[in-house]
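Chemist: One predicted model, sequence on top.
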Amino acid sequence: MGRSRASIILVVVFTLFGLNAWVQVINAIIGGSDDPRALVILQILVGTAGIAAAWGTWRGARWAPAAAVSYGVLTAAMLASLGPLLDLAAEEMRGIWAGAAAVLLFGLWAGWYLRRSTGRSSAPRP
């Protein structure tokens, strides 16, 4: 069975987002940044969720929608925590809040789409 264009796009997007988070983790480990430990741990979670969502989407796994939603929730939580973690002023957080809302909506939409498409493809055919 072939993959839809939307599924392929989601695989690419989740892979890029997941790899970006892992690049941040590696950068922190090798000393290229002074990110707080809590932020590095959040990046590990986000990177893992992104790669899991990509893999699950590619495989058409039943758990792919949950991985997509997890990516959105974890990333939004990480973005929301940047204020206290990095001691940012309220003015600096405005764009971050919008980004957190956008990534949460993306994760929810991707989960909905994957649920709809994996449910349809795994249903028994008459």
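Modeler: Okay, I see it. Numbering: from 1, shown residues only.
Chemist: List the contacts of residue 41.
Modeler: Residue 41 is in contact with no residue at all, counting by C-beta atoms under 8 Å, 6 or more residues apart in numbering. The way it works is simple: take the backbone N, C-alpha and C, and place the C-beta from them, glycine included.
Chemist: sec struct for it, please.
Modeler: The local conformation at residue 41, judged by DSSP: H, G, I helix; E, B strand; the rest coil, is helix.
Chemist: avg pLDDT for the helix or strand hosting residue 12?
Modeler: Assigning secondary structure by DSSP states H and E places residue 12 in helix 5-29. Model confidence over helix 5-29, given as mean pLDDT, is 95.
Chemist: pull the longest helix from the protein.
Modeler: For the chain, the helix with the greatest residue count under DSSP state H is helix 90-122.
Chemist: packing partners for that helix?
Modeler: With contacts defined as 3 or more C-beta pairs under 8 Å, 6 or more residues apart in numbering; DSSP states H and E, the secondary structure elements packing on helix 90-122 are helix 5-29, helix 37-59, helix 64-86.
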